[in-house]
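Colleague: Structure for this input, please:
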Amino acid sequence: MYDNKDFKIVITGKGGVGKTTLTSCIAKLLAMRGMNVLAVDEDPQMNLPYALGLPIEEASKIVPLNKNLDYIEEKTGVRPGKSWGSLFRLNPRVEDVVQRFGIKVDDNLNLLVMGTVVQAAAGCLCAENVLLDSVIKHLALRDNEVIILDTQAGVEHFGRALSKGFSQCLVISDSTFNALSVAKHSAELARQIGIPYVHLIINKVKNNNEKQLTRFETMTQSDFSNLFDSVFYLPSEPRFEALEPDVTRIFYENSLYIVEISKLVESLLTFQKYHKQKTLQES
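Modeller: Take a look at the predicted model:
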């Protein structure tokens, strides 16, 4: 039993660096360890159901919360697209959301597909965004539970403080300058909203990526040791191309990627235990 009630992990980074694959593998590993995992898909691409191995016919029928107009209207009092300019509830009660819309993927592993609001003219203060933000804030944890949030590419979700109150942030990147630039900015924003532990995950490692990381720090005059609590390197795994969309089938292979993911999960659990002890001492 893992008795920590604020074990919430947000996974962020530039598009195409492997966020959803990392999310699905960590969720699977924690569930295999006996933890109750809720994987939350906030990425508008909605690839997490497929990556976790949900049958394609079932996954293709999922209606994300941001498209569930009846639920949005029920909770906010406004139906998107038909009640423009109307006043809506800013703090809708959404305690029933997992029970009504959670999808069982495997033993100890459930999925909630939120989607996100991407219309350019929608703005932040619309009924859909208010509902989605409320859902994240009201996802209460019980003992032995963990929430893993897969976000859309980029840093927009930090602007909405969607992951405020989360205990750990995994910033995933490859070794390119652009991806590391997004990682650096993501870490700065994660710190600003008060996430206690921020980790850098360098994915798709083929050669000596530590040199490229050092080169980036020199070019940008930045010090990642001040931004990140730890740095992990995940090897390139070419079999993902053949295994996708269900990338969790890699667990049935002899993969160095899974070996390194297992070390990462152990570290996350250690950080969480330390976080709990520190919180108790300060209370």
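Colleague: Can you tell me how far the closest residue to L139 other than its chain neighbours is from Q221?
Modeller: Spatial nearest neighbour of L139, chain neighbours left out: I147 (5.7 Å); criterion: CB to CB, 6 or more residues apart in numbering. To be clear about C-beta, it is placed using only N, CA and C from the backbone, and glycine gets the same treatment. Going from I147 to Q221 by CB to CB, to the nearest Å gives 36 Å.
Colleague: Between the two, point out the one with more neighbours.
Modeller: Using other CB atoms under 10 Å as the criterion, I147 and Q221 rank with I147 on top: 23 against 6.
Colleague: returning to what we had before: can you tell me which helix or strand the residue nearest to L139 belongs to?
Modeller: strand 145-150 (DSSP states H and E).
Colleague: Run through who's touching that strand.
Modeller: 2, 5, 7-11, 19-20, 23, 26-27, 30, 35-43, 48, 136, 139, 141, 162-163, 166 (CB atoms under 8 Å, 6 or more residues apart in numbering).
Colleague: Can you turn the buried part of those into a ChimeraX selection?
Modeller: Buried members of these, defined by 16 or more other CB atoms under 10 Å, are picked up in ChimeraX with:
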select :2,7,8,9,10,11,19,20,23,26,27,30,35,36,37,38,39,40,41,42,43,48,136,139,162,163,166
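Colleague: quick one: which of the contacts of strand 145-150 sit in strands?
Modeller: Those of these mapping onto strands are K8, I9, V10, I11, N36, V37, L38, A39, V40, D41, per DSSP state E.
Colleague: Adding pLDDT and distance to I258, write those out as TSV.
Modeller: Shown next, in TSV, are the ones in strands among the contacts of strand 145-150 (pLDDT from 0 to 100; distance: CB to CB, whole Å):
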residue	pLDDT	distance to I258
K8	94	23
I9	96	18
V10	96	22
I11	97	17
N36	92	21
V37	95	17
L38	93	22
A39	95	17
V40	93	23
D41	93	22
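Colleague: ok, of those, which one's closest to S255?
Modeller: Ranked by distance to S255 (CB to CB), the ones in strands among the contacts of strand 145-150 are led by I11 at 19.5 Å.
Colleague: Contacts only, for the closest one.
Modeller: Contact partners of I11, counting by CB under 8 Å, 6+ apart, are K19, L22, T23, I26, I148, L149, D150, T151, C169, L170, I172.
Colleague: could you measure the first one against K104, distance?
Modeller: Relative to K104, K19 is positioned 23 Å away (CB to CB).
Colleague: Dump the lowest-mean-pLDDT helix or strand in the chain to PDB, keeping only the CA atoms.
Modeller: Lowest mean confidence among the helices and strands of the chain (mean pLDDT, DSSP states H and E): helix 127-138, at a mean of 79. Written as PDB, here are the backbone C-alpha positions of helix 127-138 (Å, rounded to 0.1, in the frame of the first residue of the first chain):
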ATOM      1  CA  ALA A 127     -17.400  26.800 -20.300                       C
ATOM      2  CA  GLU A 128     -15.300  24.000 -21.700                       C
ATOM      3  CA  ASN A 129     -12.100  25.300 -20.200                       C
ATOM      4  CA  VAL A 130     -13.700  25.900 -16.800                       C
ATOM      5  CA  LEU A 131     -15.000  22.400 -16.800                       C
ATOM      6  CA  LEU A 132     -11.700  20.800 -17.700                       C
ATOM      7  CA  ASP A 133      -9.800  22.900 -15.200                       C
ATOM      8  CA  SER A 134     -12.300  21.900 -12.500                       C
ATOM      9  CA  VAL A 135     -12.000  18.300 -13.300                       C
ATOM     10  CA  ILE A 136      -8.200  18.300 -12.800                       C
ATOM     11  CA  LYS A 137      -8.500  20.300  -9.500                       C
ATOM     12  CA  HIS A 138     -11.200  18.000  -8.100                       C
END
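Colleague: In whatever helix or strand L213 lives in, which of the residues would be classed as buried?
Modeller: Using DSSP H and E, the element containing L213 is helix 209-220. Going by neighbour count (16+ other CB under 10 Å), the buried part of helix 209-220 is N209, Q212, L213, F216, E217.
Colleague: Show me what that helix is in contact with.
Modeller: S175, F177, L180, S181, K184, I202, S222, D223, F224, V231, Y233.
Colleague: before we move on, what about stretch 31-39?
Modeller: Outside stretch 31-39, the residues that touch it by CB under 8 Å, 6+ apart are 2, 23-24, 27, 30, 48, 52, 98, 102, 105-112, 139, 142, 144-148, 150, 251, 265.
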